[in-house]
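# Below is the sequence, then the predicted model.
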Amino acid sequence: MNVFAATGRGTLAVVREVGRIAQFAARGAVGWAAGPFYWRAFLNALMRIGFNSLPVIGLTAIFTGAALALNIYEGGARFNAETFLPQILGVSIVRELGPVLAALMVSGRSASAMAAELGAMRVSDQIDAMSTLAVDPFKYLVSPRMLAATIALPVLVLVADIIGVYGGYLVAVHALDFSGTVFIRNLWEFLTNDDIVSGLIKAAVFGFLLSAMGCYYGYNSRGGAQGVGAATRSAVVGSAVLILAANYLLTSLFIRV
């Protein structure tokens, strides 16, 4: 009976936590629309999440595209299908690797930063002080970050797609003796608007999820410096799991369509 009781308590705890996160995310999604809207906080978050993430996104994309080109060529050569490298590379990066890897990198960089910033403000009572000054801390701290991440991720993924394909192009042309013109033509003829749009939709969802997790754990952190560290860790792990789970759900939805 103790085993069943422990299982029940654990299940209820998970359900309660999921409900709290969902409620927090829903409040953050609509908080900016009810006003007032803090433009400076939004633009600062957009700069930190979007522009400042470009170097790590670019490096991740170009090396991923280069390594993927080598693997596709080596695997395709076993079936005399190495000429399909441009098509497979383009679809893999645009539909899957670009959105997922970019979101994971931004999660490690920005979701952790959100959790650390809000957690430090929570344990030092700065959030409570904002409430006493008639400033809604949720609208000032949470909603701008969530909106900025939802807007910035599709742009970052679009950049990652271009750089990733370019990395594969460099390897294919300079190491595998592909014709650059043929590579670009095959890629251009094979990719469709649905491939690109599905990747950008995924990116927006991933941006919303990682910002919600970062803000949630930071906003609700307790216990001083140790609590801030735990919130940061939980934000990164939780956002990564949600990104991978949402990627599967969205992929299954797009394939059915």
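Good, I have the coordinates. Numbering: from 1, shown residues only.

# what sits up against stretch 67-79?
Under the criterion C-beta atoms under 8 Å, 6 or more residues apart in numbering, residues 82-85, 88-89, 92-93, 97, 164, 167-169, 171-172, 175-176 lie in contact with stretch 67-79. Using the backbone N, CA and C atoms, a C-beta is placed for each residue, glycine as well.

# Let me see the contact set for the nearest residue to residue 53 once chain neighbours are set aside.
Distance criterion C-beta to C-beta, 6 or more residues apart in numbering; nearest residue to residue 53, sequence neighbours excluded, is residue 106 at 5.4 Å. By C-beta under 8 Å, 6+ apart, the residues touching residue 106 are 49, 53, 57, 149, 152-153, 156, 207, 210.

# Please tabulate those in TSV, including the columns pLDDT, distance to residue 64 and neighbour count.
Formatted as TSV, those follow (pLDDT from 0 to 100; distance: C-beta to C-beta, whole Å; neighbours: other C-beta atoms under 10 Å):
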residue	pLDDT	distance to residue 64	neighbour count
49	93	21	27
53	92	15	22
57	94	10	24
149	94	21	31
152	95	20	25
153	96	17	31
156	95	14	27
207	95	19	31
210	94	19	32
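
# could you dump those residues to JSON lines with distance to residue 229 and secondary structure?
Formatted as JSON lines, those follow (distance: C-beta to C-beta, whole Å; DSSP: H, G, I helix; E, B strand; the rest coil):
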{"residue": "49", "distance to residue 229": "21", "secondary structure": "helix"}
{"residue": "53", "distance to residue 229": "22", "secondary structure": "helix"}
{"residue": "57", "distance to residue 229": "26", "secondary structure": "helix"}
{"residue": "149", "distance to residue 229": "22", "secondary structure": "helix"}
{"residue": "152", "distance to residue 229": "26", "secondary structure": "helix"}
{"residue": "153", "distance to residue 229": "26", "secondary structure": "helix"}
{"residue": "156", "distance to residue 229": "27", "secondary structure": "helix"}
{"residue": "207", "distance to residue 229": "24", "secondary structure": "helix"}
{"residue": "210", "distance to residue 229": "19", "secondary structure": "helix"}
